[in-house]
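S.K.: Coordinates for the following, if possible.
(one chain, ligands or ions: 1)
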Amino acid sequence: MDFDFTRLPPQDRYRLLTNFVGPRPIALVTTRSEAGHLNGAPMSFFNVFSQDPPIVILGIQSRPDGVEKDTLRNIRRTSEFCVNMVDMELAEGMILCGVNFAPEVDEPAFAGLGTRPCRQIGADYVARTPCAMECRVERIIDYPRRAIILGEVVEMTVRDDCLDASGRYVDPAVYQPLARLHADNYVVADRQFELKKPAEAAEWEAAPQAAPRKAGAE
Ligand SMILES: Cc1cc2nc3c(=O)[nH]c(=O)nc-3n(C[C@H](O)[C@H](O)[C@H](O)COP(=O)(O)O)c2cc1C
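M.R.: Numbers count the residues shown, from 1 in each chain. The predicted model follows:
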């Protein structure tokens, strides 16, 4: 089957894209409202794209009536947000945070998720998250009814038991992130395996090239 995306209605594009591009990691995004309420909402149009600068990206769609979601409104106002990674322990709470509550509802509290103040931004993070990333907005790209938010990570707080004895890598027996597949289907990373390049690959690698000299450079 073939689908011409230039002719498909947006809801069909959404269905196809989210059915096939997965699993998508889930960011439980916490922000602070103007009235001081903590807000929490899951976002699976999310990933990390760079370490220098350290950039994560969120895609936030407006509600069907065109009104911006609380998360986006709070991010525009404060230029800050926190990404809380989600594992099975947080799954039920994450789903509750996805309910379209009124802006004054503190979703993490409603969902029974304890929180702690972030270190560099004005929001709170989820206390039991395996990893919280405090972000400042790098830029927002606006489309009609959709905003793509680039956030620069300024602080990462990791739950100690998620790290191995060296403290450098995750312990895969402990950190098993949850991700979204299609519709209400999710997957947990509990069947991890190692896949290494063959030993000969070192000989196949192209030799590093000198960077091209800029015109006029000495
Ligand atoms: C697993 C999951 C992933 C979601 N991903 C997104 C997303 O990437 N972008 C988006 O706009 N909404 C997404 N949603 C829907 C929002 O979480 C939902 O609209 C929520 O009510 C927004 O809350 P807010 O108004 O407090 O920001 C997702 C929901 C779930 C359950």
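S.K.: lowest confidence element among the helices and strands of this structure?
M.R.: Lowest by mean pLDDT, DSSP states H and E among the helices and strands of the chain is helix 201-204, with a mean of 92.
S.K.: Distance from the chain centre to stretch 72-88, please.
M.R.: 9 Å (CA atoms, centre = their mean, to the nearest Å).
S.K.: Also stretch 65-78?
M.R.: Computed by CA atoms, centre = their mean, the chain-centroid distance of stretch 65-78 equals 17 Å.
S.K.: Could you give the bridge partners of the closest residue to T129 other than its chain neighbours?
M.R.: Leaving aside its chain neighbours, T129 sits nearest to N84 (3.9 Å; criterion: CB to CB, 6 or more residues apart in numbering). C-beta here means a position set from N, CA and C on the backbone, and glycine is covered the same way. With DSSP bridges as the criterion, N84 is bridged to L28, A132.
S.K.: Quick one: residues contacting N84.
M.R.: A27, L28, V29, T30, G40, L90, Y125, V126, T129, C131, A132 (CB atoms under 8 Å, 6 or more residues apart in numbering).
S.K.: where's it relative to the ligand, distance?
M.R.: As judged by CB to the nearest ligand atom, to the nearest Å, N84 and the ligand stand 13 Å apart.
S.K.: can you check F20 too?
M.R.: Distance from F20 to the ligand, counting by CB to the nearest ligand atom: 16 Å.
S.K.: isn't R116 right up against R128?
M.R.: No: with contact defined as CB atoms under 8 Å, R116 does not reach R128; the gap is 9.9 Å.
S.K.: near the ligand, which residues of the chain show up?
M.R.: By CB under 6 Å from any ligand atom, the part of the chain that sits against the ligand consists of 26, 39, 41-45, 59-61, 69-71, 95, 98-100, 180.
S.K.: Could you report the neighbour count for I55?
M.R.: 17 (other CB atoms under 10 Å).
S.K.: what does S79 give?
M.R.: S79: 15 neighbours (other CB under 10 Å).
S.K.: For it, list the residues it contacts.
M.R.: R136, V137.
S.K.: One more pass at 10 Å, please.
M.R.: Taking CB atoms under 10 Å, 6 or more residues apart in numbering, we find S79 in contact with I121, C135, R136, V137, E138, I140, I149, G151.
S.K.: and what of V154?
M.R.: By CB under 10 Å, 6+ apart, the contact set of V154 is P54, E80, C118, R119, Q120, I121, M133, E134, C135, R136.
S.K.: Which of the three states applies to it?
M.R.: Classification of V154 by DSSP: H, G, I helix; E, B strand; the rest coil places it in strand.
S.K.: What is the neighbour count of the nearest residue to it once chain neighbours are set aside?
M.R.: Distance criterion CB to CB, 6+ apart; nearest residue to V154, sequence neighbours excluded, is Q120 at 4.9 Å. Residues near Q120, counting by other CB under 10 Å, number 12.
S.K.: Then N47?
M.R.: With other CB under 10 Å as criterion, N47 counts 13.
S.K.: And it, how close does it get to I55?
M.R.: For N47, the distance to I55 equals 10 Å [CB to CB, to the nearest Å].
S.K.: What of A109?
M.R.: For A109, the distance to I55 - CB to CB - is 30 Å.
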